[in-house]
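Enquirer: Please work out how this folds:
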Amino acid sequence: MRPRHTRHSRRRGLVAAAATLAALCTGQTLNAVPASAAPQAPRPATAVRTAEDHAARVLATSLADPAWRARLRRAALASDEVDVTALARRAPASLKAALVADDRRIATAKGLDTGVGSLLRLRLGDASMRTALTSGAAPWVAAATADESTATLTAYDSRGRAHTLDARTAPAHPVYVVDIDGSKALDAGLDVLNKELERYGVPSADPGPARASANRTTAAASGGGFWTTRISAVELSDDEEPWFKGAAEIYTLVTGFGQDGKVRVDPVDMPYLDYDGTIYRPNQILVNWSSYKYNLADAVMMEDDGGTNYRDLAKAIAAALLTVTDQGAYIPLVNAVLDAVPDKWWTDDPDYVDSWYTLARSDNGTRHGARGNGWMTVEPYYVQEF
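Expert: Numbering: from 1, shown residues only. Predicted structure coming up:
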């Protein structure tokens, strides 16, 4: 099962820390990032769902072609996920054009450059359907809606007819699920988030390989290594999930005050954290303390359920964090990050998973999240100079 997180109660369990932050925020007006610049309708998640649903309907009707249906069946049985846009290069031109257009709509809705490539993916809804699909049953096609609380799911057959399915119980009839490549989208999205935060004046470290390179540069410049906080184990709560959902895409926003006294945000991708109820032992660096003024930082863990627009997310976070100034003592920033996201986003994406207030450089042991939805075992780790 993938992690399931209720968005509407995101502040539950965080009340005590909220009072601390509220008393310390300056509330000054920003020129670079106006508060009125919140994203307008349609919401990113809605736009992504619309594109996925259109792709599902187009793919369903395309299955009337026996040769194409057989090719797609072989691909779905051979792989956990199929890049249908790429596979459709050998399909009728109209199908390829429709999928390419939906891919572009999804990239735009998520604030990604169209150069990210195809994001649409197709997979068999549940392993229990393999036998029926192998036996030649004509599959239906459904879109992986971002609404985890849905009770039903709509699937389409090759004649364009809609079938209502139970979202909690996998049907006996084989169903292809159209979704996006979450890992690819998140990787590109965190790169956009990093660049946009920097553009708005919030220092941010690259979440990918460039971050490791920057860390090595820091160590070399200081003539030695640097202290970090490393995750030795992590687990999220075990909650029931719809059968049509794939693996989660988890990332963490580490926040604190940089060496210059300005608030900074460092996105950390956690590509291994796919399923709840599973203990992962990544030995992943979460905080690079050489980037921070104080020996304290906060961490907000999020899940991209498909509809996050990373440009809008960066704008909202920057608008909130740039109002917080260094008072000469550490200020918790978790609530500032959560309050930055417009309320209407929490009915879709991104998901708030959990948060860790005042992680200390000296922390060595298990820390439970403020929301009670997960725990991490952390330890100080010194990165040696090369």
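Enquirer: Quick check, residue 271 in contact with residue 181.
Expert: No - assessed by C-beta atoms under 8 Å, residue 271 is found out of contact with residue 181, at 12.0 Å. No exception for glycine: its C-beta is placed from N, CA and C like everyone else's.
Enquirer: Please identify which of the two sits among more neighbours.
Expert: More crowded of residue 271 and residue 181, by other C-beta atoms under 10 Å: residue 181, with 20 against 15.
Enquirer: my read: that one touches residue 81, true?
Expert: Yes - at 7.0 Å, residue 181 and residue 81 qualify as touching, with contact defined as C-beta under 8 Å.
Enquirer: Give the residues shared as contacts by these two.
Expert: residue 121 (C-beta atoms under 8 Å, 6 or more residues apart in numbering).
Enquirer: Give the buried residues for stretch 283-300.
Expert: Of all the residues in stretch 283-300, those buried under the rule 16 or more other C-beta atoms under 10 Å are 284-300.
Enquirer: Same check on stretch 158-168?
Expert: Quick answer for stretch 158-168 (16+ other C-beta under 10 Å): 158, 165, 167.
Enquirer: Can you tell me the strand partners of the host helix or strand of residue 302 and which way each runs?
Expert: Assigned by DSSP states H and E, residue 302 belongs to strand 296-303. Using DSSP bridges, the strands paired with strand 296-303 are strand 250-257 (antiparallel), strand 351-360 (antiparallel).
Enquirer: Name the residues that touch it?
Expert: Counting by C-beta under 8 Å, 6+ apart, residues outside strand 296-303 touching it are 3, 5, 248-256, 270, 286-287, 289, 330, 332-334, 337-338, 350-361, 369, 374.
Enquirer: now do 6 Å
Expert: 248, 250-256, 287, 330, 332-334, 337, 350-351, 353-360 (C-beta atoms under 6 Å, 6 or more residues apart in numbering).
Enquirer: For the buried ones among these, write the corresponding ChimeraX selection.
Expert: Selection of the buried residues among the contacts of strand 296-303 in ChimeraX, burial being defined by 16+ other C-beta under 10 Å:
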select :248,250,251,252,253,254,255,256,287,330,332,333,334,337,350,351,353,354,355,356,357,358,359,360
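Enquirer: Okay, now the unreliable bits of the stretch 151-300 of the chain?
Expert: 206-223, 238-241 (pLDDT under 70).
Enquirer: what are the ranges of the strands in it?
Expert: 152-156, 162-166, 175-180, 226-236, 250-257, 263-270, 284-288, 296-303 (DSSP state E, counting those that start in this stretch).
Enquirer: Please determine how far residue 362 is located from residue 164.
Expert: Look at residue 362 and residue 164: by C-beta to C-beta, to the nearest Å, they are 55 Å apart.
Enquirer: Check the separation of the first and last residues in stretch 338-354.
Expert: End-to-end span of stretch 338-354 (C-alpha to C-alpha, to the nearest Å): 10 Å.
Enquirer: Check stretch 136-156 too.
Expert: 17 Å.
Enquirer: Could you report the neighbour count for residue 226?
Expert: There are 18 residues near residue 226, going by other C-beta under 10 Å.
Enquirer: my read: it touches residue 292, true?
Expert: No - Residue 226 lies out of contact with residue 292 (C-beta atoms under 6 Å); the separation is 10.6 Å.
Enquirer: all helices of the protein, in order?
Expert: Applying DSSP state H to the chain gives helices spanning 15-22, 44-62, 66-78, 84-87, 93-109, 130-134, 182-199, 209-222, 310-321, 334-340.
Enquirer: and the fifth one, what does it pack onto?
Expert: Translated: helix 93-109. Contact here means 3 or more C-beta pairs under 6 Å, 6 or more residues apart in numbering; DSSP states H and E; on that basis helix 93-109 packs against helix 44-62.
Enquirer: 7 Å instead, please
Expert: Other helices and strands packing on helix 93-109, by 3 or more C-beta pairs under 7 Å, 6 or more residues apart in numbering; DSSP states H and E, are helix 44-62, helix 84-87, strand 120-124.
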